[in-house]
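**Q** Generate a structure from the sequence data that follows.
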Amino acid sequence: MTFDLVAQDPASKARAGVLTTAHGTIQTPIFMPVGTAGTVKAVHQRELKEDIKAQIILGNTYHLYLRPGLDVLEKAGGLHKFNGWDRPILTDSGGYQVFSLSGTRKIVEEGVKFRSHIDGSRHLFTPENVMDTQRVIGADIIMAFDECTPYPCDYHYAKNSMERTHRWLQRCIDRFDSTEGKYGYEQTLFPIVQGSTYKDLRTQSAETIASKNRPGNAIGGLSVGEPAEMMYEMTELVCDILPSDKPRYLMGVGTPANILENIALGVDMFDCVLPTRNARNGMLFTTQGIINIRNERWKEDYSPIDAELGGYVSTFYSKAYLRHLMHATEMLGAQIASVHNLTFYLWLVGQAREQILAGTFRPWKDQMVKKLMTRL
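**A** Numbers count the residues shown, from 1 in each chain. Predicted coordinates:
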């Protein structure tokens, strides 16, 4: 994997770059649709490519490990062959699931013991077998095994958790560097910065991660309930420490406004379930603001969902029709809304890149954030 920095905005820390992987290039800043179980919910691969224009998608190690299982994926030739996606894939290591499954897991130095949410069976994730699992899945970018601490989090717990994450990271690196990919192409390992919302811990973690000199780095443990301003403060602190010649990935973020503000702080890569999850509940992100398509006001609005956005779905279907589908609980409603929201997210980061290249990102961002937070 290589990363070329193309431009830096003169009035902020926003950057534009090109990330090159075995399965294609990625123009940054970029948003990555989340395909937890090998699919982006309610969205065809054709739509991901042609309408949404996704350049990279995510898979999740925890979910894919449990179902369909590693034997199925390996026999298929990896996730790319299994789901028919021939562009880059990134896999989360399962660290976030460790955080979210607090009632059914136990964290020890060896790793994490947990029960499957599917059938209650017992499993153990270690830094070593998580590397092996992601080798089998075959993602272009794989994540180190970490613990995502909750918010709020006691300082003593956050410190111990961060230090354990660093120990696990070294074990991940040792295992990763002693093995090779299974399908004839290179994979890349990203370490993850932790430290909750404590400046000294975030500084220590960022310095530790930077010292590992991997091709890219991630920032975890944010967007877990802390105030947005606290997230921005931690992100800026970490981005100022992580090397500028390598991509920075802020995990699990977020709203359109969150994404623009974090781009301004130097982040290159984002993912979040928000656009698809909210779409299934009727919340649409548009170039003019936020729409709850279930509301009565859209019942006889026959205008396109978002004419300014472009794309087949956003311009072909009317607000009134989509509202009808949602109230009728038709599956097509969730599909249209999901494609629209993802199209908007990819449009947004594409516009951000154009503004960075033009040197006008900061004033454009300030104007866009206000508009994007407006509820219509």
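**Q** So which residue is smack in the middle of this structure?
**A** Geometric centre of the chain, nearest residue: Asp271, 1.8 Å, by CA atoms, centre = their mean.
**Q** just checking, that residue touches Ile259?
**A** No: Asp271 is not in contact with Ile259 according to CB atoms under 8 Å; the separation is 10.3 Å. The C-beta positions use only the backbone N, C-alpha and C, and glycine is treated the same way.
**Q** Mutual contacts of those two, please.
**A** 31, 253 (CB atoms under 8 Å, 6 or more residues apart in numbering).
**Q** Need the phi and psi values for the closest residue to Arg115 other than its chain neighbours.
**A** By the measure of CB to CB, 6 or more residues apart in numbering, the closest residue to Arg115 outside its immediate chain neighbours is Thr104, 4.3 Å from it. Main-chain dihedrals, Thr104, degrees, to the nearest 10: phi -130, psi 20.
**Q** wait, isn't Thr104 in contact with Val112?
**A** No: using CB under 8 Å, Thr104 is not in contact with Val112; the gap is 10.5 Å.
**Q** Give me the more crowded residue out of those two.
**A** Looking at Thr104 and Val112 with other CB atoms under 10 Å, you find the greater number of neighbours at Val112, namely 22 against 13.
**Q** Any idea what the more buried one is bridged to?
**A** Per DSSP bridges, the residues bridged to Val112 are Ile107, Phe125.
**Q** residue contacts, it?
**A** The contact partners of Val112, taken as CB under 8 Å, 6+ apart, are 98, 105-106, 124-126, 147.
**Q** again, 10 Å this time
**A** For Val112, the contact set (CB atoms under 10 Å, 6 or more residues apart in numbering) comprises 62, 94-95, 97-98, 101, 105-106, 123-126, 130, 145, 147, 168.
**Q** any idea which helix or strand of the chain has the worst average confidence?
**A** helix 95-100 (a mean of 73; mean pLDDT, DSSP states H and E).
**Q** Who are the contact partners of Asn292?
**A** Asn292 touches 278, 281-284, 298, 323, 326, 375-376, counting by CB under 10 Å, 6+ apart.
**Q** Please dump these into CSV; it should also carry pLDDT and secondary structure for every row.
**A** Formatted as CSV, the contacts of Asn292 follow (pLDDT from 0 to 100; DSSP: H, G, I helix; E, B strand; the rest coil):
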residue, pLDDT, secondary structure
Asn278, 98, helix
Asn281, 97, coil
Gly282, 98, coil
Met283, 98, strand
Leu284, 98, strand
Trp298, 98, helix
Arg323, 98, helix
Met326, 98, helix
Arg375, 95, strand
Leu376, 93, coil
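**Q** Pro10 and Gly59: what is the separation?
**A** Pro10 sits 37 Å away from Gly59, going by CB to CB, to the nearest Å.
**Q** Actually, Met1.
**A** For Met1, the distance to Gly59 - CB to CB - is 17 Å.
**Q** now Arg277
**A** For Arg277, the distance to Gly59 (CB to CB) stands at 17 Å.
**Q** same check, this time on Val43
**A** Applying CB to CB to Val43 and Gly59 gives a distance of 14 Å.
**Q** Among the two, which residue is more densely surrounded?
**A** For Val43 versus Gly59, neighbours defined as other CB under 10 Å are more numerous around Gly59 (27 against 22).
**Q** what's that one in contact with, if anything?
**A** The contact partners of Gly59, by CB under 10 Å, 6+ apart, come to 34-39, 73, 79-80, 82-83, 85, 89-92, 134, 137-139, 142.
**Q** And Thr343, by the same measure?
**A** 47-48, 51-54, 275, 285, 305-306, 309-314.
**Q** Mind doing that once more with 7 Å?
**A** By CB atoms under 7 Å, 6 or more residues apart in numbering, the contact list for Thr343 reads 51-52, 309, 311, 313-314.
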